[in-house]
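>>> I would like the atomic coordinates for the input below:
(chains A and B)
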Amino acid sequence: MLDKQGIAKRIAKEIKDGYYVNLGIGIPTLVANYIPDTMDVVLQSENGLLGMGPFPFEGEEDPDTINAGKQTITMLPGSAIFDSAMSFGMIRAKKVNLTILGAMEVSENGDIANWKIPGKMVKGMGGAMDLVASAENIIVAMQQVNKAGESKLLPQCSLPLTGVHCVKKIVTELGVFDVLPEGGFRLMERAPGVSVEEIKQATAGKLIVEGDVPEIMV
Amino acid sequence: MNKVVSGADEAIRDITDGMTLMLGGFGLCGLPENCIAALVKKGVKHLTCISNNAGVDDFGIGLMLKQRQVKKMISSYVGENAEFERQLLSGELEVELIPQGTLATRCMAAGYGMPAIFTPAGIGTEVAEGKEVRNFNGKDYLMEMAFDADFAIVKAWKGDTMGNLVYRSTARNFNPVMAMAGKITIAEVEELVQPGELDPDHIHTPGIYVHRIFKGVDYEKRIEHVTVRNKQ
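Down below sits the predicted model:
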């Protein structure tokens, strides 16, 4: 089974040299730690920054320089600042190559729910609806089962949707899944020590297993 | 062309009950702190506030929520405010949650004189309910209307007496698009300078969009999440 760092590490392997990448809050933020130094990758923060750097050293925090998670960050040589309209302009115009975000539920046709639990949690969608509606390459980082042991890979989402037919790939503590255009979660890789049977038990939606499924190399 | 007012109290003097206000900022970053304090002091009520977030319990728009001055909030993310959540769940506060890019672009449309925009954000979700959908090149888009706000209140780093503004770092965020979008725009700045002191090539908001400007005082610039790394 993968821990959060393991999920982040595996997702980092999807990033290619020259990519502009938007990382959501939670596990996606950790992906930044595993991008090889040899790669030229620019991180976009939707509050208006390209070229997000690491956290500042203690005492060097700048209240004017934060990321979309409202954490203090730094800029890098070559960073650029812009307003919120332009930020979502570049997202809508598909200039951002890869979007990585968290989810509460994903359906077998690629729908995603991650912004609201009616009657319980009302935080809002932030930029997630804009990102999933426009990005061509969306990877979801999530736990496959909730605390009650229920699968979050479903035939249909039960929570209010964030976007439809948009998720292409999912990385969980149990495995890597491609969401097929015709519907279904195709198991691509298993987490170390996890059997196909265990993954079947944890997948409520349509699971497609073809041939031997290799273990994740991280 | 002198737009300078003495301070926040004078800048907001004719904001009255029931008006619609835009407030710049992202989280607690780039907030018009002086004007928010003046609005709390003045006690105007039944306001509709358009702002990306609703502050935290004791800072930003959270201060206005505490005094029950807000009738309706239009935001994209409100997760950091317990009082907000309480008023929302009890039905005291009306809330319209909209995608962040839609929020920004509806401001932009107002400032560019366009009645509406088309965006794919929210297609197939409850955000699309009751809205016109148009198909362009095989993809569905929602029609979203430009905002109509009585006042836009923004925070900039520097401004001159003609209302030209320059922002600093990610405190820019929603401020430039909101500055363009108000019937009356108020800008509070950290440094107020004379015409000619700002390089025309470096101005983010041209003064034509700004009606009132003043030098703010006592900025707290609270940080929501301090995150640091070790020197090693």
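
>>> how about the strands in chain B?
For chain B, the strands defined by DSSP state E occupy B:20-23, B:47-50, B:70-75, B:94-97, B:116-119, B:133-136, B:139-145, B:149-160, B:165-166, B:182-193, B:212-215.

>>> So which of the ones you listed is nearest chain A?
Comparison of these against chain A by C-beta to the nearest C-beta identifies strand B:94-97 as nearest, at 4.5 Å. (Glycine included, C-beta is placed from N, CA and C.)

>>> Which strands or helices does that closest one pack on?
When contacts are defined as 3 or more C-beta pairs under 8 Å, 6 or more residues apart in numbering or on different chains; DSSP states H and E, strand B:94-97 packs onto strand B:70-75.

>>> Direction included, what does the strand it packs on pair against?
strand B:47-50 (parallel), strand B:94-97 (parallel) (DSSP bridges).

>>> Reformat the strands of chain B as CSV; add mean neighbour count.
Below are the strands of chain B laid out as CSV (neighbours: other C-beta atoms under 10 Å in any protein chain shown):
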stretch, mean neighbour count
strand B:20-23, 25
strand B:47-50, 22
strand B:70-75, 20
strand B:94-97, 16
strand B:116-119, 17
strand B:133-136, 10
strand B:139-145, 17
strand B:149-160, 26
strand B:165-166, 23
strand B:182-193, 21
strand B:212-215, 21
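
>>> and those strands as TSV, adding mean pLDDT?
Output for the strands of chain B, formatted as TSV (pLDDT from 0 to 100):
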stretch	mean pLDDT
strand B:20-23	98
strand B:47-50	98
strand B:70-75	97
strand B:94-97	94
strand B:116-119	98
strand B:133-136	98
strand B:139-145	98
strand B:149-160	98
strand B:165-166	98
strand B:182-193	98
strand B:212-215	98
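
>>> Run a quick neighbour tally on the closest residue in space to A:Ser134 that isn't next to it in sequence.
Sequence neighbours aside, A:Arg92 is the residue nearest to A:Ser134 in space, at 4.7 Å (criterion: C-beta to C-beta, 6 or more residues apart in numbering or on different chains). Under the neighbour criterion other C-beta atoms under 10 Å in any protein chain shown, A:Arg92 is assigned a count of 20.

>>> cool, and B:Val5?
17.

>>> gap between it and B:Asp14?
Remark: distance between B:Val5 and B:Asp14 (C-beta to C-beta, to the nearest Å) = 11 Å.

>>> what does A:Val42 give?
45 Å.

>>> now swap in B:Glu132 and tell me
Separation of B:Glu132 from B:Asp14 (C-beta to C-beta): 35 Å.

>>> Run through who's touching the helix or strand of chain A with the lowest mean pLDDT.
Between all helices and strands in chain A, the lowest mean by mean pLDDT, DSSP states H and E belongs to strand A:121-122, at a mean of 75. Contact partners of strand A:121-122, identified using C-beta atoms under 8 Å, 6 or more residues apart in numbering or on different chains, comprise A:116, B:78, B:85, B:88-89, B:95, B:97.

>>> ditto for stretch A:145-158
Taking C-beta under 8 Å, 6+ apart as the rule, stretch A:145-158 contacts A:103-108, A:111-113, A:142-144, A:170, A:172, A:177, A:185, A:202-207.

>>> Could I get the buried residue list for stretch A:210-218?
Across stretch A:210-218, burial judged by 16 or more other C-beta atoms under 10 Å in any protein chain shown covers A:213, A:216, A:218.

>>> do the same with stretch A:197-211
So for stretch A:197-211, counting by 16+ other C-beta under 10 Å, buried means A:199, A:202-208.

>>> wait, B:Thr185 sits on B:Val177?
No - taking C-beta atoms under 8 Å as the definition, B:Thr185 is not a contact partner of B:Val177, at 11.3 Å.

>>> Just the closest residue of chain B to chain A, please.
B:Gly101 (2.9 Å).

>>> now the strands of chain B in a markdown table, with distance to A:Glu150?
Converted to a markdown table, the strands of chain B look like this (distance: least, C-beta to C-beta, whole Å):
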| stretch | distance to A:Glu150 |
| --- | --- |
| strand B:20-23 | 40 |
| strand B:47-50 | 38 |
| strand B:70-75 | 31 |
| strand B:94-97 | 26 |
| strand B:116-119 | 33 |
| strand B:133-136 | 33 |
| strand B:139-145 | 31 |
| strand B:149-160 | 44 |
| strand B:165-166 | 51 |
| strand B:182-193 | 47 |
| strand B:212-215 | 55 |
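
>>> quick one, the lowest-mean-pLDDT helix or strand in chain B and strand B:70-75 angle?
Least confident helix or strand of chain B, by mean pLDDT, DSSP H and E, is helix B:82-89 with a mean of 85. Angle, helix B:82-89 to strand B:70-75, by axes from the mean of the first three to the mean of the last three C-alpha atoms, to 10 degrees: 100 degrees.

>>> Helix B:82-89 close to chain A?
Yes - shown here: helix B:82-89 in contact with chain A (C-beta under 8 Å from any C-beta of the partner chain) through B:85, B:88-89.

>>> Compute the number of surrounding residues for B:Gly25.
Neighbour tally, B:Gly25, other C-beta under 10 Å: 26.
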